[in-house]
Structure formats: C-alpha cells, structure tokens
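Chemist: can you look at this prediction? I've put the sequence above it.
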There are 2 protein chains.
Amino acid sequence: MSKAHHRKKHPEAVRQQLLEVAARLSLEKGPSSVTLDAVSQAAGVSKGGLLHHFPNKLSLLDGLFDDLTEKFDRVLAERMRDDPEPRGRFTRAYVAIWFLPAGMADGERWKVLTVALISEPHLRERWRQWLDRQLAENVGTDSAIDTMLVRYAVDGLWLADLLGAPVMDEPTRAAMLERLLTLSRA
Amino acid sequence: MSKAHHRKKHPEAVRQQLLEVAARLSLEKGPSSVTLDAVSQAAGVSKGGLLHHFPNKLSLLDGLFDDLTEKFDRVLAERMRDDPEPRGRFTRAYVAIWFLPAGMADGERWKVLTVALISEPHLRERWRQWLDRQLAENVGTDSAIDTMLVRYAVDGLWLADLLGAPVMDEPTRAAMLERLLTLSRA
DNA sequence: GACAAGAAACCGTCCAGACGGTATGTTTAT
DNA sequence: ATAAACATACCGTCTGGACGGTTTCTTGTC
C-alpha cells in the first residue's frame, strides 16, 4: 500500500501535473515517449490514476490541446487589448508571443502545441477550426499580404527554435523584431 | 512460400520503395504509424527483408533523412545555378522550392523531412549540421535581415501546408510570391 | 454537529496485442 | 561456391487499457 494512496486528494492539481508532464516529455524526448506509463510515473501517479482523469490516451492529448489553446487565447487577447492601433493588431500579438514570452514556461508551451499537432493527425482538424476562427475574427485588420507574411515568419522562427537551430544574436534578434512590427502596420 | 521470394531481385528498387513508403506513412498517418511491420508490408516485402536493407529502425530513419536531404540539396543547387543575381540567391531557391515544386511528389517530400525532424529528436543534430553548412556557404549573399525573414516565412508556409491549413487563393499566392522575391533582393 | 451513504480519486494487477529485433532457412545472382 | 536478397518463425518488452479494490471527499438527513 503506497503513500500516494493515502495522501490528500488534489484532483485538479494532479490533472494539471499530468498535462504538464506530458508536454515536457513530448518536447524533450519526442512525442513517441508520451506513453501512459511514462506520464503517470513522472507525474507521481499510478497508471490507474491517470486513466481516471483521462479515460484513454486520446483524451489525454485532447486535454493537452485544450489546455494549450486556451492559454494561448488568453495571452493573445491580453496583448491585443493593450494595442491601440487596430491595423495588424492580431499579428503583433502573435509576434509578441514569440519575442517576449510572458511566463517562464510559456515560450516552451507553444512548441509543445506544434509538436502535438504534427505528430497527431487527429488534432489537425481541431487546429484548423481554431485557426479559422482566429482569422475570421481579425479579417480586415490582419489580412494584408505583409501581415500574413509576418505571421508565417513567426511560425518559421517557431519551427527553427523548436528544432534547436542556433540562436540569433541579440542585435539581429532586435532588428528582426523591429522589421516584423513595421511590416505588421503596412 | 510467397511470390516475393521468387521474383526478380532489385535490391536498389526495394530499398527506395521502403523509404518512399516510410515517408508516405509518416505524412498520412503520423510518425507513430511508421513501424517495421507496417512499412515492410506496405512495401510488399517481409520484415526480414526490410531488416536486411536497414539493420534497425534508426538506420531506416537515418536513411530516410539522407535520401531527403540529398534530393533537397540537388534541387537547391539546380535552382541556384539558374539565378544570375548573387544577392539572395540561396533564399530565392528556397522560396522556389515551396512555390514551384518541380516533381509531383517533391512538394510532399520536404514535408516528410519536417515531420521526421520534429518527431525524432535524434535527427535534429544532423539537421543542425546541414543547416549550418548551408548558411555558411551562403553567408554574405543571404544574411540580410529581410532575406532571413523570407526564409522563415517559407518555413511558416511549409508548416501551415503540413498542418493542412486552408489553401491560399491564387491571387494571394501570386502576390505572396512576388513579395518574397522582392524582399530577397533587399 | 454527527453520521450514513454514495461519489470521486486514486492504487495494483493483469492481459492481449503491437513492436523491435534475432535466428535461421531458402532462393537468386555472380 | 559464395554471397546477397529475401522469407519465416519466434522472443522479450512495452503499451494501452480493463478491472476490482481502497481511501478520501461530499452531500443529505437528523
């Protein structure tokens, strides 16, 4: 009879912990390392415990997706709220997320989303819906060629970062940021 | 006793077929579906046959990586050879690969590379070396902020395409291409 | 506030199938 | 004859998941 069985119950904390562990594992050791065994063990819960929160693996991945997009939405909305200029507002928020990560772990989080999206074709459909909604909400202010280009570039930076490409030096990085912001207002 | 055992032997063709099947599987059903059983069966070879060409799974993935980067290099070099303007030449070749896929299947191929890179942390190191070499060879002509930005944007387009984002309409696509080419000369 | 009773939050065990890989046989090419 | 190019038959491990039990929390009732 283990200690964990007798400890105080904090279901929401455990759930969150499971999602976080799954995210970290996926990023550090590749998506194939996200197994029920590995996740539950790293989270300090039994596999049965994990399957209580997420009845199967798919729902764990779905849960991760929900969690990530939710947080992403919040950060985006917050950035947009503080931007007085309507034109390219959404795109600038998008840029800011990459260049000025708010929370420590935030920068890493969005990477996980990308990894999950690529390795789990099932999530792509949900991703498309999310994207469609975002673009529909910001059509008019963020559909110029240059603003689209900026968003694509951010995605590219994302990918490079994810693949561990050599980091840009600070002046280059600053110049890149400035250039992106300029183009977002075009 | 199967037919395959008795058929004419074309080792190089079989090897190529195995790589191609692995690529297609990874793209269509996600990297987790790339198993020795699935690949060998879809290629019309026994698992033993597959393991004759690639002694273990890692070497299969490595083989895939080699095959893809090799072809990628060739296409890049060809495009660059036909471009008289030195400034941004490498970047324009990079753009062309996405906008003007030469062979039918080529467009798909580079996607596979990205998927493999993300799902197999082991390949990232090899990718970094490839990237470093490319950048070193083209430093001076392709290191302006705007040209870098163009390459990142192409990566972003890549990613969007990979995730099955809604396709751009033709005028937008053309405008995007023109804009990217312009920026590559800056 | 006490207390039964059900619900929620876990744990431990077990299993069927998939997976990577080995060992060995058989056919074909040189 | 020898080696390369396959096929077949297994094996040990891992993985997702089912299942039944145990402990804690919550809720209604008095």
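Modeler: Thanks, I have the structure now.

Chemist: tell me which element the nearest residue to residue A:46 once chain neighbours are set aside falls in.
Modeler: Counting by C-beta to C-beta, 6 or more residues apart in numbering or on different chains, residue A:40 is the residue found nearest to residue A:46 once chain neighbours are left out, at 6.1 Å. For glycine as for every other residue, the C-beta is placed from the backbone atoms N, C-alpha and C. For residue A:40, the element it lies in under DSSP states H and E is helix A:36-42.

Chemist: who's in contact with that helix?
Modeler: The contact list for helix A:36-42 (C-beta atoms under 8 Å, 6 or more residues apart in numbering or on different chains) reads A:18, A:21, A:22, A:24, A:25, A:46, A:47, A:49, A:50, A:51, A:57, A:60.

Chemist: cool, and stretch A:126-143?
Modeler: So stretch A:126-143 is contacted by A:62, A:65, A:69, A:76, A:86-91, A:117, A:148, A:151, B:163-166 (C-beta under 8 Å, 6+ apart).

Chemist: how far off centre is the helix or strand containing residue A:114?
Modeler: Per DSSP H and E: residue A:114 is located in helix A:106-119. Centroid displacement of helix A:106-119 relative to its chain, using C-alpha atoms, centre = their mean, to the nearest Å, is 5 Å.

Chemist: before we move on, what about stretch A:133-153?
Modeler: With C-alpha atoms, centre = their mean, you get 19 Å for stretch A:133-153.

Chemist: go on, stretch A:73-92?
Modeler: Worked out by C-alpha atoms, centre = their mean, stretch A:73-92 lies 17 Å from the chain centre.

Chemist: pull it out as CSV, backbone CA atoms only.
Modeler: Only the C-alpha atoms of stretch A:73-92 are listed here, as CSV (Å, rounded to 0.1, in the frame of the first residue of the first chain):
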residue,chain,number,x,y,z
ASP,A,73,-6.1,32.5,-26.5
ARG,A,74,-5.8,34.3,-23.2
VAL,A,75,-2.3,35.6,-23.9
LEU,A,76,-3.3,36.7,-27.4
ALA,A,77,-6.4,38.6,-26.1
GLU,A,78,-4.4,40.3,-23.4
ARG,A,79,-1.7,41.5,-25.9
MET,A,80,-4.4,42.7,-28.3
ARG,A,81,-6.2,44.6,-25.6
ASP,A,82,-3.1,46.7,-24.9
ASP,A,83,-2.6,47.6,-28.6
PRO,A,84,-4.2,50.9,-29.6
GLU,A,85,-3.6,50.5,-33.3
PRO,A,86,-6.2,48.3,-35.0
ARG,A,87,-4.3,47.5,-38.2
GLY,A,88,-2.2,44.4,-37.7
ARG,A,89,-3.1,44.1,-34.1
PHE,A,90,-3.6,40.4,-34.1
THR,A,91,-0.4,39.9,-35.9
ARG,A,92,1.6,42.0,-33.5
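
Chemist: now residue A:119: closest residue in space, sequence neighbours ignored.
Modeler: That would be residue A:31: by C-beta to C-beta, 6+ apart, it lies 3.9 Å from residue A:119.

Chemist: how many residues are close by the residue nearest to residue A:46?
Modeler: Using other C-beta atoms under 10 Å in any protein chain shown, residue A:40 has 20 other residues around it.

Chemist: which pLDDT value belongs to it?
Modeler: Residue A:40 is assigned 97 on the pLDDT scale.

Chemist: cool, residue A:165 as well?
Modeler: pLDDT, read off for residue A:165, is 87.

Chemist: flag the shaky bits of chain A, pLDDT-wise.
Modeler: Along chain A, the model assigns pLDDT under 70 to residues A:1-9, A:102-104.

Chemist: what is the burial count for residue A:146?
Modeler: 18.

Chemist: residue A:110 now?
Modeler: Residue A:110: 20 neighbours (other C-beta under 10 Å).

Chemist: that older thread, distance of the residue nearest to residue A:119 relative to residue B:127?
Modeler: Distance, residue A:31 to residue B:127, by C-beta to C-beta, to the nearest Å: 17 Å.
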